[in-house]
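Trainee: okay, sequence plus prediction incoming.
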Amino acid sequence: MATPTKVSAVAEITNDFKESNAAVLTEYRGLTVAQLKQLRVSLGQDTKFAVVKNTLTAIAAKEAGVAAFDGQLAGPTAIAFIKGDAVAAAKSLTDFAKTNKQLVIKTGYFEGKALNATEVAALAALESRELQLAKVAGILKAPAAAAARIIDALRLKLEEENGAPAAAEAPAAEEAPAAEAEAPAEAPAAEEN
């Protein structure tokens, strides 16, 4: 018979699976509390790193429709539920696993597709979303910048052909009306009676 605590835990894990666009299953045997805290900080706010019970996780994964963890739930298990940038979270996990050999990445899923440990490492090797967006913005901006440089070059060429820079003539033309406005107004003629 299921206890209310276990039912609540399964519901929470199921909800975590449903709200996440990716998750990574790890074994954390031998990690200290301080190391787990350091890992959680490195993952950021968009990733929940939770130590879970294997039987409850198996039930929750089945309820959430996640088959990626079948046969992998053994030993001390923790799952990184990723709601934000999956590449950045996978990178944080793999970097932490390189320096802390006790953390073993077992499997994962990303956007509904099951990933093995090698594929999680490949996901971590991708560029971050922000960097990819910056590159796209640069690609989109390049034609406009090139057009601006061409137009400026044509303007400079026309100025050279006309003999005087057009940019220098414009302020001189604006100064003439200002000089007229500053001239003292003539006194009205005296009226004769």
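Mentor: Yes, it's here.

Trainee: so how far is T14 from I59?
Mentor: Distance of I59 to T14, given as C-beta to C-beta, to the nearest Å: 8 Å. All C-beta atoms are positioned from the backbone trio N, CA, C, and that covers glycine.

Trainee: what is the neighbour count of G84?
Mentor: Other residues lying near G84 total 16 when counted by other C-beta atoms under 10 Å.

Trainee: just E160 next, same as before
Mentor: By other C-beta under 10 Å, 10 other residues sit near E160.

Trainee: so it is in which element?
Mentor: helix 129-162 (DSSP states H and E).

Trainee: for the closest residue to E111 other than its chain neighbours, give me phi and psi.
Mentor: In space, E111 comes closest to N21 once its chain neighbours are excluded; the distance is 5.9 Å by C-beta to C-beta, 6 or more residues apart in numbering. Per-residue torsions, N21: phi -90, psi -10 (degrees, to the nearest 10).

Trainee: do a quick rundown of the helices in this structure.
Mentor: 4-19, 33-43, 54-64, 86-99, 117-125, 129-162, 166-182 (DSSP state H).

Trainee: quick one: contacts of the first one?
Mentor: Yep, that's helix 4-19 we're talking about. When contacts are defined by C-beta atoms under 8 Å, 6 or more residues apart in numbering, helix 4-19 is touched by residues 23, 48, 50, 52-53, 56-57, 59-61, 63-64, 66, 79, 81, 83.

Trainee: kindly report the same for the second one.
Mentor: The set of residues that contact helix 33-43 without belonging to it, under C-beta under 8 Å, 6+ apart, is 28, 31, 49, 51, 78, 80, 89, 92-93, 95-96, 100, 102-103.

Trainee: now for the residues you listed: which two are most distant?
Mentor: With distances taken as C-beta to C-beta, the most widely separated pair in the contacts of helix 33-43 is V51 and D95, at 20.1 Å.

Trainee: any idea how far A134 lies from A148?
Mentor: 20 Å.

Trainee: the closest residue to Q102 other than its chain neighbours and K98, how far apart?
Mentor: Closest residue to Q102 apart from its sequence neighbours, by C-beta to C-beta, 6+ apart: G30 at 3.7 Å. According to C-beta to C-beta, G30 and K98 sit 15 Å apart.

Trainee: just name the shakiest helix or strand of this structure by mean pLDDT.
Mentor: None of the helices or strands of the chain scores lower by mean pLDDT, DSSP states H and E than helix 166-182, at a mean of 52.
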